[in-house]
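this is the structure alone, sequence omitted:
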């Protein structure tokens, strides 16, 4: 049997270097499961490696895709047969942009029937990053104030919902008012549109001059430095992305704050399997109880239409693009 696979043989613009090819389906090894994929999202974190952002640690050729949902079709000799036919998240195995994916059995997470395929496909990258940065890295408590920039993104919407779950105050920072109402309804205390209002002065007004307890930056460059400037002395700053493509000048950050990076890949390597599973189960449970909602799907495309899917993912409209089988 053969499977369709999206392959990257050279780094560059995703719509130019990615290609569809057919490969043999290899049976799972002893501790693996073989998952027939149903849906996988297109995330910025999937496209950045194709562009060459992490060329120093990615060997070519490779198949993109960090998350997705599918059905277990086969299991290795040391894996229990009861998981056959189960719908699972396919995590930390092969790239998910293909028909069949081999996954280490411990990282095939069962999904309850109450969660749709479209939602299940998005349950890893952004939800885990949001939950871990809030609960483990920042250890935010009820009543504390968090600043998050690029808050119109999927992860920004998750931080707004976690504000309701945990009880902290979220000041969402955006570049326009397009997502303001959604963010406020989801749990944000306030939204600052930096195209209309100065960041520092507005934060001072919203916090009665106290400034924020913590900040999460997804942009980098000068905007990261400006965000960190809105923190209290001994406040916590975390960088989780570089949407601007401009690195942070860490020397320009204030010396009286605590600054750090968060990469999901590093957390995966450092955390115990028990802790990793507990985190995923928290996310599944919060989603099943409707306390976390993921982005609606704006478009779905088969693997063979990867070019159209990439264009749709970058068109600026709200919603997630899925690659489906």
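Yep, that arrived. These numbers come from a predicted model, not from an experiment.

residue 222: helix or strand, and which one exactly?
Element membership for residue 222 (DSSP states H and E) is helix 221-228.

kindly report the same for residue 277.
Going by DSSP H and E, residue 277 is in helix 273-288.

mind listing what's buried along the helix or strand that that helix is followed by?
Where DSSP H and E defines the elements, the next helix or strand beyond helix 273-288 is strand 297-302. Buried residues in strand 297-302, counted by 16 or more other CB atoms under 10 Å: 297, 299, 301. Where C-beta positions appear, they are placed from N, C-alpha and C, glycine not excepted.

buried ones in the helix or strand harbouring residue 185?
Assigned by DSSP H and E, residue 185 falls within helix 180-186. Going by neighbour count (16+ other CB under 10 Å), the buried part of helix 180-186 is 180, 182-183, 186.

want to try CSV for those, with pLDDT and distance to residue 129 as columns?
As requested, the buried residues of helix 180-186 are exported to CSV (pLDDT from 0 to 100; distance: CB to CB, whole Å):
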residue, pLDDT, distance to residue 129
180, 94, 23
182, 93, 20
183, 96, 18
186, 96, 17
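
for residue 308, state which of these is nearest.
Lowest distance from residue 308 to the buried residues of helix 180-186 (CB to CB) belongs to residue 182, with 26.6 Å.

so the closest one sits against residue 157, correct?
Yes - between residue 182 and residue 157 a contact is recorded at 6.9 Å, counting by CB atoms under 8 Å.

ranges for the helices of the stretch 51-200 of the chain?
Applying DSSP state H, counting those that start in this stretch to the stretch 51-200 of the chain gives helices spanning 117-120, 125-132, 154-166, 180-186, 199-206.

what about those helices, which gets the closest to residue 84?
helix 117-120 (18.2 Å).

other SSEs contacting that closest one?
In terms of contacts (3 or more CB pairs under 8 Å, 6 or more residues apart in numbering; DSSP states H and E), helix 117-120 is packed against strand 32-41, strand 87-90.

make TSV from those and add mean neighbour count and mean pLDDT to it.
Converted to TSV, these look like this (neighbours: other CB atoms under 10 Å; pLDDT from 0 to 100):
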stretch	mean neighbour count	mean pLDDT
strand 32-41	24	98
strand 87-90	24	97
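
so which of these gets nearest residue 68?
Minimum separation from residue 68 across those (CB to CB) falls at strand 32-41, 3.2 Å.

by mean pLDDT, point me to the weakest helix or strand of this structure.
Within the chain, no helix or strand scores below helix 44-51, which has a mean of 90 by mean pLDDT, DSSP states H and E.

could you give the angle of that helix to strand 32-41?
100 degrees (axes from the mean of the first three to the mean of the last three CA atoms, to 10 degrees).

how far off centre is helix 44-51?
Between the centre of helix 44-51 and the centre of its chain there are 12 Å (CA atoms, centre = their mean, to the nearest Å).

and that helix with helix 154-166, angle?
Relative orientation of helix 44-51 and helix 154-166, computed by the same axes, to 10 degrees: 150 degrees.

what packs against helix 44-51?
Checked by 3+ CB pairs under 8 Å, 6+ apart, helix 44-51 has helix 14-17 packed alongside it.

buried residues, the helix it packs on. List them.
Going by neighbour count (16+ other CB under 10 Å), the buried part of helix 14-17 is 14, 17.

could you point out which element follows it?
Using DSSP H and E, the helix or strand that follows helix 14-17 towards the C-terminus is strand 18-24.

so what are the sheet partners of that following strand and their directions?
strand 2-8 (antiparallel) (DSSP bridges).

so what's the residue most central in space within the chain closest to, chain neighbours aside?
Ranked by distance to the mean C-alpha position of the chain (CA atoms, centre = their mean), the top residue is residue 126 at 2.4 Å. Nearest non-adjacent residue to residue 126, counting by CB to CB, 6 or more residues apart in numbering: residue 155, 4.5 Å away.

who's in contact with the one you found?
Shown in contact with residue 155 (CB atoms under 8 Å, 6 or more residues apart in numbering): 126, 129-130, 218, 240.

again, only using 10 Å
Under the criterion of CB atoms under 10 Å, 6 or more residues apart in numbering, the contact list for residue 155 reads 43-44, 125-127, 129-130, 133, 148, 216, 218, 240-241.

cool, residue 141 as well?
So residue 141 contacts 166-168, 213 (CB under 10 Å, 6+ apart).

mind redoing it with 8 Å?
Counting by CB under 8 Å, 6+ apart, residue 141 touches 166-168.

appreciated, that's everything.
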